[in-house]
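K.L.:
mind folding the following:
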Amino acid sequence: MSEPHHGHVDMGIVHFMVYPETMSGDGPILETVREIATDPFFGAIEVGPINDDETRRKTGELLEQANMRVGFGAQPMLLGGDHNLNDPSDEARAAAIDVVKEGIDQAVELGAERVGILSGPAPNDTADRPEQLELLEDSIAEICTYAAANGGVGVTLETFDPQTDKCALIGGSHEEAAELARSLRDDGHDFGIMIDLSHLPMQALEPPFTTPRADLAALGETLVHVHIGNCVIHDTGHPAYGDLHPRFGIGEIGERELQEFLEALFASGYLGGDDRPIVSFEVAPVLEEDPDIVIANAKRTFNRAWGSIAPDHYHFDS
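P.N.:
You can find the predicted model right below:
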């Protein structure tokens, strides 16, 4: 494609994944956010919890100065505390909801547009699945109500793998994810679904296999956010096996797969419209890799994939 991407998509990056020492909410947050904010390739950034009030304030100021769009990931807060939004225990579920509410408060301070969450694990007994789907919807409804009343940020649920790593309740079926989103939207909530390229190979381990185009078509208008990344699932002994978001060029996702995914995003209408949506890298160093080299790898792979899209695969609304 000869059209530069800047006019059609705000490229972002998940800060706490590429700089994993910040995932807990401590560490060199301000310094590493500045690294991304000084790079004009990026129009957006996704940050996680920031424990120190002063660091959070300074980070928000820095991002406002940089004129960057901001997202907030509450996933580390849920996963790090082993919280479950569909937990059958009322007490445990309330604790998970409170954690996300804390994340919403931080997101508002940081100027975020949306807050990302995930479902808890699927129950071992499939007979318990309908009840846990209802519990998850109730939890998200309470979270959305809080978000609307406290800053107006949107809420986004990221679909994860059903059996490889996170074993999430929402992930094996994008039709099911879309149904959940439409039900919450019918009740007036600002809620949508996030799809992650790195999760797709783990979401299609068993028949019926799907394609990115089929997954995106299943989500339709409920898709509000996109991550692009990589995974390793065919080598269980690899240090990046599972949902670890390694750099491109190893594992399942490379330039060709990214090109096909971008083409599918155009076909679905997520790209190519009047708006400039966010597409964020979610990549992480493995072992002793340099985060800045991992970022350069992602940008280089994206540029090559974008440049390889043939004209008949995209459209731009006038």
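K.L.:
so Asp212 sits right up against Leu262, yeah?
P.N.:
I think there's a mix-up here, since residue 212 is Pro and not Asp. No. Between Pro212 and Leu262 there is no contact under C-beta atoms under 8 Å: 9.3 Å. (Each C-beta comes from the backbone N, C-alpha and C, glycine too.)
K.L.:
the two - which one has more neighbours?
P.N.:
Just comparing Pro212 and Leu262: by other C-beta atoms under 10 Å the higher neighbour count belongs to Leu262, 27 against 20.
K.L.:
strands of the protein, residue ranges please.
P.N.:
Shown for the chain, the strands assigned by DSSP state E span residues 10-13, 44-47, 69-73, 114-117, 154-158, 191-196, 223-228, 278-281.
K.L.:
I'd like those laid out as JSON lines, including distance to His174 and mean pLDDT.
P.N.:
Listed next are the strands of the chain as JSON lines, based on distance: least, C-beta to C-beta, whole Å; pLDDT from 0 to 100:
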{"stretch": "strand 10-13", "distance to His174": "22", "mean pLDDT": "98"}
{"stretch": "strand 44-47", "distance to His174": "21", "mean pLDDT": "98"}
{"stretch": "strand 69-73", "distance to His174": "20", "mean pLDDT": "98"}
{"stretch": "strand 114-117", "distance to His174": "17", "mean pLDDT": "98"}
{"stretch": "strand 154-158", "distance to His174": "11", "mean pLDDT": "98"}
{"stretch": "strand 191-196", "distance to His174": "7", "mean pLDDT": "98"}
{"stretch": "strand 223-228", "distance to His174": "9", "mean pLDDT": "98"}
{"stretch": "strand 278-281", "distance to His174": "17", "mean pLDDT": "98"}
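K.L.:
and of these, who's closest to Pro130?
P.N.:
The closest of the strands of the chain to Pro130 is strand 154-158. By C-beta to C-beta, the value is 17.8 Å.
K.L.:
beta partners for Ile193?
P.N.:
Beta bridges link Ile193 to Leu157, Leu223 when assigned by DSSP bridges.
K.L.:
looking at it, it is touching Thr222, isn't it?
P.N.:
Yes. Counting by C-beta under 8 Å, Ile193 does reach Thr222; the two are 4.9 Å apart.
K.L.:
output the below-cut-off pLDDT ranges for this structure.
P.N.:
205-209, 312-318 (pLDDT under 70).
K.L.:
once you drop chain neighbours, what's closest to the residue nearest the centre of it?
P.N.:
Nearest residue to the geometric centre of the chain (C-alpha atoms, centre = their mean): His227, 5.0 Å. Spatially, and ignoring its direct neighbours in sequence, His227 is nearest to Asp196 (3.9 Å; C-beta to C-beta, 6 or more residues apart in numbering).
K.L.:
with Ala218 instead?
P.N.:
Among residues not flanking Ala218 along the chain, His174 sits closest, at 4.0 Å (C-beta to C-beta, 6+ apart).
K.L.:
ok so, going back, ok, the residue nearest to His227 - contacts?
P.N.:
Going by C-beta atoms under 8 Å, 6 or more residues apart in numbering, Asp196 touches 158-160, 226-229, 282.
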